[in-house]
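Q: Provide a 3D model corresponding to the input given below.
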Amino acid sequence: MAKLTVTRADFFASIQDMGRRQTQHMGLAQSGVADEHSFFRANYLVGNDLATPVIEIITGLFSITTDVPVTMALTGADMSATLNKIPLSPWQSFVLMPGKLLEINNSRGNGIYGYLAVKGGLEIDLCFNSASTVEREQLGGYQGRKLAVGDELTTILDRPLCPTLSTPPDQIPQFDRPLTLRIMPGYDHDSFPDEAKQMFLSSEYTVTTRIDRTGIRLEGPPIVWGQGDILSKPVALGVVQITNDGAPVVLLKERQTTGGYPMIGVVSRLDLFKLVQAFPGTPIYFALADPLRLRSELMRFYNFWGALDS
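A: The predicted model follows:
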């Protein structure tokens, strides 16, 4: 086993995995990694089971040391990481040696979430069958909170080292580009005025600074609901709610279990993995898509990673 020690944690770094399933009826957030593609790739690069918990780092400013050699991989946002002050390219595995320092600095604008996987995984107790942290519920992860300076994480090492692997350049996503989010009609889609639906699908929106693991608020032409208050109902991952001032809000992994705003659509999960990495100011567009096609694409995505994990 190895002992990892956190030496810097300025913003928000937490333990995450795929999240909690079938717990929303108890009022618990699903939680889990925001970008599943980057999460799977990080674990693949160190030879882990793809669902192994990782450290999810938001925007950077995080560093860590080890007491024995350990293989790691860093994927997701480009955060100008260094290994003992030497620049470290993301999307590849590497070895952190005792006495050396892995520093994850500020994001360069190409992504928000970074994923640090450790060979063998981290020794974290499961809570409702998941290691994922939900700080507002003081649940999961490391003592139910984000990581802090001085925290010590124990690894589960079978073989501490493995061959260095890298990701082909054409498989590394770019997060600094405009996005078109494919959506399926939401619960209330048919109740919106035709003019509002046309506005929603033809306008440019931008990511605001009001973003977290609960949701992302967008800015652009307001969408008029005009139907008055509605009863709260369950909300799914990727639901687009329209607030009272007409702003779209896309709900993410730590969304509330129910919501009382009208829901105009549901974003494709695969597109969500790109949206969460979008910096404030990124242009966003919406397009209606065939639900069966989106479901088929999602199944191919999970089948691809499942085949690599077998």
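Q: right, and Met79 touches Ser107 too?
A: Yes - the pair Met79 / Ser107 is scored as a contact, 5.0 Å apart, by Cβ atoms under 8 Å. Placement of C-beta: from N, CA and C, glycine included.
Q: shared neighbours, those two?
A: Residues within reach of Met79 and of Ser107 at once, by Cβ atoms under 8 Å, 6 or more residues apart in numbering, are 59-60, 114.
Q: Might you report the residue contacts of Leu179?
A: Contacts of Leu179 (Cβ under 8 Å, 6+ apart): 271, 274-275, 278, 282-285.
Q: Among those residues, which lie within helices?
A: Members of these lying in helices (criterion: DSSP state H): 271, 274-275.
Q: Who wins on neighbours among the residues you listed?
A: Scoring the ones in helices among the contacts of Leu179 on neighbours with other Cβ atoms under 10 Å, the highest-scoring entry is Leu275 at 23 neighbours.
Q: and the gap between that one and Met184?
A: For Leu275, the distance to Met184 equals 15 Å [Cβ to Cβ, to the nearest Å].
Q: now swap in Glu103 and tell me
A: 42 Å.
Q: Equivalent analysis for Ile124, please.
A: 34 Å.
Q: Next, Ile124: secondary structure please.
A: coil (DSSP: H, G, I helix; E, B strand; the rest coil).
Q: I'd like to know how many residues surround it.
A: 20.
Q: Now do the contacts for it.
A: Taking Cβ under 8 Å, 6+ apart, one finds 15, 53, 131, 141-142, 153 in contact with Ile124.
Q: Can you pick out the most distant pair from those residues?
A: For the contacts of Ile124, the maximum inter-member distance is 11.3 Å, found between Ala131 and Leu153 (Cβ to Cβ).
Q: hey, what's in contact with both of those two?
A: 122, 124.
Q: the more surrounded of the two?
A: A direct count of neighbours by other Cβ under 10 Å for Ala131 and Leu153 places Ala131 higher, at 27 against 20.
Q: Now do the SS call for that one.
A: Ala131 ends up coil, using three-state DSSP.
Q: What segments of the stretch 101-250 of the chain are strands?
A: Ranges of strands within the stretch 101-250 of the chain are 102-104, 113-118, 152-154, 179-185, 205-211, 215-219, 233-234, 239-242, 248-251, based on DSSP state E, counting those that start in this stretch.
Q: got those strands as TSV, with distance to Gly47 and mean pLDDT columns?
A: Converted to TSV, those look like this (distance: least, Cβ to Cβ, whole Å; pLDDT from 0 to 100):
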stretch	distance to Gly47	mean pLDDT
strand 102-104	19	97
strand 113-118	10	97
strand 152-154	19	96
strand 179-185	32	96
strand 205-211	33	96
strand 215-219	33	97
strand 233-234	38	88
strand 239-242	36	96
strand 248-251	34	97
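Q: which among the ones in helices among the contacts of Leu179 gets closest to Leu74?
A: Nearest to Leu74 among those, with distances taken as Cβ to Cβ, is Lys274, at 18.7 Å.
Q: so how far is Arg269 from the residue nearest to the closest one when sequence neighbours are not counted?
A: Once flanking residues are discounted, Lys274 sits nearest to Leu179: 5.8 Å by Cβ to Cβ, 6 or more residues apart in numbering. To Arg269, Leu179 is 14 Å away according to Cβ to Cβ.
Q: What of Leu28?
A: Taking Cβ to Cβ, one finds Leu28 at 20 Å from Arg269.
Q: what do you get for Val54?
A: From Val54 to Arg269 the distance is 19 Å (Cβ to Cβ).
Q: More neighbours: the two, which one.
A: Neighbour count, other Cβ under 10 Å: between Val54 and Arg269, Val54 has more, with 30 against 17.
Q: isn't that one right up against Leu116?
A: Yes - taking Cβ under 8 Å as the definition, Val54 is a contact partner of Leu116 at 6.0 Å.
Q: what touches both of these two?
A: In contact with both Val54 and Leu116: Ala42, using Cβ under 8 Å, 6+ apart.
Q: Now do the contacts for Phe62.
A: When contacts are counted by Cβ under 8 Å, 6+ apart, Phe62 touches 6, 8-11, 13, 55, 103-104, 147.
Q: Against Arg269, how distant is it?
A: 27 Å.
Q: repeat for Ser130
A: Going from Ser130 to Arg269 by Cβ to Cβ gives 18 Å.
Q: for Ile284, same thing?
A: 16 Å.
Q: picking up where we left off before, ok, the contacts of Ile124 vs Tyr302, which is closest?
A: Among these, Pro53 lies closest to Tyr302 (Cβ to Cβ), at 18.4 Å.
Q: wait, doesn't the closest one sit right on Leu122?
A: Yes - counting by Cβ under 8 Å, Leu122 is a contact partner of Pro53 at 5.4 Å.
Q: Between these two, which contacts overlap?
A: 15, 131.
Q: Where does the prediction get shaky in the stretch 51-200 of the chain?
A: Applying pLDDT under 70 to the stretch 51-200 of the chain flags the ranges 158-161.
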